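Asks: With the sequence up front, the predicted model follows.
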Amino acid sequence: MKEENPVDGYDAFAEMTLPLQSDLKRYCLAKAGSVWDADDLLQETLVKAYRWHVRFPERELTKPFLFRIAANAWVDICRVRKLQPPAGQLEEERFGPYEEWTRWDVREALELLSDRLEPKQVVLILLMDVFAFTAKETGRLFGQSEGSVKAAIQRARMRLKTAVERHPEFWDDAVLTAPRRGLRIEVFEAFVEGFRRSDPYAIFRSYQTMVSDGTRVERIELCGNRLYFTILDPDGNRLMIEGQVPDRQKKEQNKKRSASHENGRSK
């Protein structure tokens, strides 16, 4: 992982967080209920967020992410003071509307809550909201129309957002920093093979295993019928592999030719 100069790191942190601090302060005040406690919570949130930034400088600090840190920090403060935090307070603001989530927020939600979605839904969100595939490209991979993909992705996004709101405990800091094992190349190969076979279930299973092993799929690009994968292992090493996906149009044309040929022979 790339080390940042401390000064550059703080400047980048300030640039990302300053525009969000007024909303964050309002959220902390609503959580804590008093100006004094809200100021303490704001400072604690910014300190924790800065530690996150130092450890993971590539992770964008978004409003939902800062709200999540603040919510977790307030729970910790209440535990120390032996207070009971109000249940369900400001949960909608804590996570924010899905439209405000960045690919980092989406990726983390998927990694923690993918078992709450259908495998096809996980793969759709992974491709379109994390790796920026278009509905047309996604449909081409799995033999679906652009319209059906657009309808399916809306249902998948709604289900993921609902899962996050229903299971806030999965977003605790300790879960996100839990120790992982390491890259297993056979799992990565199964992930790529799932794309080659246009099998969303195989993609889902291998993706879940890679996540649990601490491996991150950093980038997927589709150029024509070739897929390019970039994988980041737990030690920060990048691996790149190229794969080919079937050309469904040619496959259908070949089927038609074969059927036509068979019909001609039977006559």
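Replies: Received, thanks.
Asks: And the contacts of the helix or strand containing residue 54?
Replies: For residue 54, the host element (DSSP states H and E) is helix 35-55. With contacts defined as C-beta atoms under 8 Å, 6 or more residues apart in numbering, helix 35-55 is touched by 4, 9-10, 12-13, 16-17, 21, 24-25, 28-29, 31-32, 59, 61, 65-66, 69-70, 73-74, 77, 173. (Each C-beta comes from the backbone N, C-alpha and C, glycine too.)
Asks: ok, and the closest non-adjacent residue to the most centrally placed residue in the chain?
Replies: Of all residues in the chain, the one closest to the mean position by C-alpha atoms, centre = their mean is residue 107, 0.7 Å from it. Nearest residue to residue 107, sequence neighbours excluded (C-beta to C-beta, 6 or more residues apart in numbering): residue 130, at 5.1 Å.
Asks: just checking, that neighbour touches residue 105?
Replies: No. Counting by C-beta atoms under 8 Å, residue 130 stays clear of residue 105, with 10.0 Å between them.
Asks: between those two, who's got more neighbours?
Replies: Legend: neighbour count by other C-beta atoms under 10 Å for residue 130 and residue 105, higher for residue 105 (22 against 17).
Asks: The nearest residue to that one once chain neighbours are set aside in helix, strand or coil?
Replies: Nearest non-adjacent residue to residue 105, counting by C-beta to C-beta, 6+ apart: residue 64, 5.3 Å away. With DSSP: H, G, I helix; E, B strand; the rest coil as the basis, the three-state label of residue 64 is helix.
Asks: ok, now how distant is residue 64 from residue 140?
Replies: 31 Å (C-beta to C-beta, to the nearest Å).
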